[in-house]
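Provided below for reference: sequence and predicted model.
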Amino acid sequence: MKLLIRLAKVLTALALMATVAWVIITIHFNPRPPAEQAFINAHILTMDKDNSIAEAILLREDKIVALGSNEEIKAQLKDPSNAIDLAGKTLMPGIIDAHGHFPGSGLAALAADLNSPPIGNVKTVADALARIKAQAQQTPAGEWVYAFGFDDTQIAEQRFLSRKELDKISTEHPIYVSHISGHMGIANSMAFAAVGYDKNTSDPEGGHIIRDKDGELAGLVEENAQLPLVYKALDIGPLKAYKMSRYAIDEYLQQGVTSTQVGLASPTFLKGISALGKLGIYPQRVVMWPDLNAAQMLLDGELSKTNLESERVKLGAVKLISDGSIQGYTGFLGHPYHIQPEGKQEYRGYPTMSQAELTEAVIKYHSLGWQIAVHGNGDAAIDQIIEAYSEAQQQHPRKDARPIIIHAQMTRDDQLDKFAELGMTPSFFNAHVYYWGDRHKAIFMGPERARRISPMQGALQRNIPFTLHLDTPIVPMTPFLAAWSAVTRQTSGGDTLGIDQAISPIQALRAITIDAAWQIFAESERGSLEPGKLADIIVLDRNPLASAQNLRDSQVLLTLIGGSERYRAASFK
């Protein structure tokens, strides 16, 4: 009996400690917004239906109460000292990440960064290998070494790394190097052994295991063949997941991103994000897009929507992938690539799902009332997506389902017509023009097709709502660069690519705020500054509409989420 009493006391003490820890975490990560605050003498871009400009805004706790002139807002203040004078600075809605892989950019805190210009400074194979070796030297034996951002077309040798080169770095660590596209990577022998790959392993459907001239594993794996390696390499545990999340959280807040997205979540990833969400770790509003495995587990009851969601972490569209990456030669095109890969003729890439599989999956989840999001880069892949959704809508008609085409890079005019007819909405990875435009023109697409990358003006002319995204961590989370790219269509090499597909600055800003909210059925609560909406707000150091250069160079001075200050630049007093 005494032992039971003692055990009960210990359990009570542990419960008390857990409660105290919970309270401390909640207070630290979730500050209460002020009961009342106002910003006056501001240049406020509301992003409402009229793109109205206001001078002042009133917030009470986490909601917007009123907008208007300085005098109108001051008259509604309960305490005049709650007015903050912005001295003419621009205030606008927080940025909504229309498609990305949060908190993937936090890999910078855990892995080797192999990005080449204009993102990083890896210029040769030797540069890349040196960084991977340095990462291995600080990683305990047996643990995975991960590297990201490698771009074979941006290094001097114009080639991939090999399994043998990675084996020379370490035979005590499984090593996986992710390509900049995220659709392929290179592994060493220990990594291949960890997932059961050897020279006799067959290619999975929708993927390739590349072999050398002797039939041995060369190191490179494409599309579905990379997935077992990626899942193993990124099974990082809770402490590293927290470290990665903190890095991404801070980065996104500095860029004014108040709503973000986990754009392809496995069951394990869903559980990890959910756990951190329940602890209140994420200040941003997070939408998680389950992959097909996770979606099936949700249907079977092995995962629970109620258990996964919390105040700021919610489930969104089911995510499918229909092809790969054009800069990786795995995007599925209607016509052959401009410069053919070595040893290929009339090569057009390939789909990662057959038409039958894609159509079956789209019909299944569409019929259940789910929102559908499908990755499609090449126009042949987009043809397959249109066919799948057209069949789903014919069998199970739904109004305002908002199916999303992710990237929609090589969309043709006739496909835009089908988007308009079927109510499909693209999310353009338009910064491709900046990061890869020169190579699309010279290598992958050729001049004529390259100028049509991300046909935003074509979408506007057909009244098709669309968004802009950065697919972070594929490229850095720099939303104002994405907006600038949509306006100027400038490449990193200084060329202008398809200026006839450019849009105006206000249209670009809408595509990363209110239109991004609309695309995920959140337009009634965020995306614009209107009474009753959430007080997700950012303050900028300049007016982004004043010039294209201003748009690109805008710096975030203050980020509020639900009225609570989450980031303040050191220069902003």
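In hand now; what should we look at?

all strands for the stretch 251-400 of the chain, in order.
Assigned by DSSP state E, counting those that start in this stretch, the stretch 251-400 of the chain shows strands spanning 257-265, 285-290, 313-315, 318-321, 372-376.

repeat that for the stretch 51-200 of the chain.
Counting by DSSP E, counting those that start in this stretch, the strands of the stretch 51-200 of the chain are 53-54, 56-60, 63-68, 83-85, 90-93, 95-96, 112-113, 145-150, 175-179, 184-187.

got the buried residues for the fourth one?
Neighbour counts over strand 83-85 (16 or more other CB atoms under 10 Å) mark Ala83 as buried. Just so you know, the C-beta spots here come from the backbone N, C-alpha and C atoms, and that holds for glycine as well.

kindly report the same for the last one.
In terms of neighbour count (16+ other CB under 10 Å), strand 184-187 has its buried residues at Met184, Gly185, Ile186, Ala187.

tell me what the first one is bridged to.
What that stands for is Met184. Beta-bridge pairing for Met184 (DSSP bridges): Glu222.

that one contacts Val221, correct?
Yes: if you go by CB atoms under 8 Å, Met184 and Val221 touch, sitting 6.3 Å apart.

give me the domain ranges for this structure.
What automatic domain parsing lists as the domains of the chain is 37-88, 111-233.

start and end of the last one, how far apart?
Separation of the first and last residues of domain 111-233 by CA to CA, to the nearest Å is 11 Å.

tell me the mean pLDDT over it?
Mean per-residue pLDDT for domain 111-233: 94.

which non-adjacent residue is nearest Pro479?
Distances taken as CB to CB, 6 or more residues apart in numbering place Ile95 nearest to Pro479, at 4.6 Å, with adjacent residues excluded.

burial measure for that neighbour, as a count.
Other residues within reach of Ile95 by the criterion other CB atoms under 10 Å amount to 28.

same question, Asp235
14.

quick one: the residue nearest to Pro479 and Leu253 touch, right?
No: using CB under 8 Å, Ile95 is not in contact with Leu253, being 10.3 Å away.

sorry, back to before: just name the most buried of the domains of the chain.
Highest mean neighbour count of the domains of the chain: domain 111-233, a mean of 19 (counted as mean count of other CB atoms under 10 Å).

run the chain-centre distance for that one.
22 Å (CA atoms, centre = their mean, to the nearest Å).

now swap in stretch 457-471 and tell me
The answer for stretch 457-471 is 17 Å, by CA atoms, centre = their mean.

C-alpha coordinates for that stretch, CSV please?
Provided in CSV are the C-alpha atoms of stretch 457-471 (Å, rounded to 0.1, in the frame of the first residue of the first chain):
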residue,chain,number,x,y,z
GLN,A,457,-1.5,36.7,-68.4
GLY,A,458,-3.3,33.9,-70.2
ALA,A,459,-5.0,32.9,-67.0
LEU,A,460,-6.0,36.5,-66.3
GLN,A,461,-7.5,36.9,-69.7
ARG,A,462,-9.7,33.9,-69.0
ASN,A,463,-10.6,35.0,-65.5
ILE,A,464,-8.9,32.0,-64.0
PRO,A,465,-7.9,32.6,-60.4
PHE,A,466,-4.3,31.6,-59.7
THR,A,467,-1.5,31.9,-57.1
LEU,A,468,2.3,32.2,-57.1
HIS,A,469,4.5,30.0,-55.0
LEU,A,470,8.2,29.2,-54.5
ASP,A,471,8.1,25.4,-53.6
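
I'd like the mean pLDDT over it, please.
Rounded mean pLDDT across stretch 457-471 is 98.

now swap in stretch 433-453 and tell me
For stretch 433-453, mean pLDDT rounds to 96.

name the residues that touch that stretch?
118-119, 153, 326-327, 329, 335, 337-339, 409-412, 430, 432, 454, 475, 481, 485, 489-493, 495, 497-498, 500-501 (CB atoms under 8 Å, 6 or more residues apart in numbering).

out of those residues, which sit inside helices?
His432, Leu481, Ser485 (DSSP state H).

OK, contacts around the first one?
If I follow you right, that is His432. Contacts of His432 (CB under 8 Å, 6+ apart): Gln409, His440, Ile453, Ser454.

how much space separates Gln345 from Tyr337?
Distance, Gln345 to Tyr337, using CB to CB, to the nearest Å: 11 Å.

excluding chain neighbours, what is closest to Asn543?
Asn543 sits nearest to Thr90 (CB to CB, 6+ apart), 4.9 Å away.

where in this structure is pLDDT low?
1-29 (pLDDT under 70).

grab the nearest non-local neighbour of the residue nearest the centre of it.
Taking CA atoms, centre = their mean as the criterion, Gly100 is the residue nearest the geometric centre of the chain, at 0.5 Å. With sequence-adjacent residues excluded and distances taken as CB to CB, 6+ apart, Gly100 is closest to Thr472, at 4.3 Å.

just checking, Leu270 touches Val286?
No: assessed by CB under 8 Å, Leu270 is found out of contact with Val286, at 11.1 Å.

Asp544: how many residues sit nearby?
To be clear, residue 544 is Pro; Asp isn't right here. Pro544 has 24 nearby residues by other CB under 10 Å.

look up how far Lys89 lies from it.
11 Å.

where exactly do the helices run in the stretch 351-500 of the chain?
Along the stretch 351-500 of the chain, counting by DSSP state H, counting those that start in this stretch, helices occupy 355-367, 379-395, 413-422, 432-439, 446-450, 456-461, 479-488.

how far out from the middle of the chain is the second one?
Relative to its parent chain, helix 379-395 has a centroid offset of 24 Å by CA atoms, centre = their mean.

same deal with the fourth one?
Its chain's C-alpha centre lies 18 Å from the corresponding centre of helix 432-439 when counted by CA atoms, centre = their mean.
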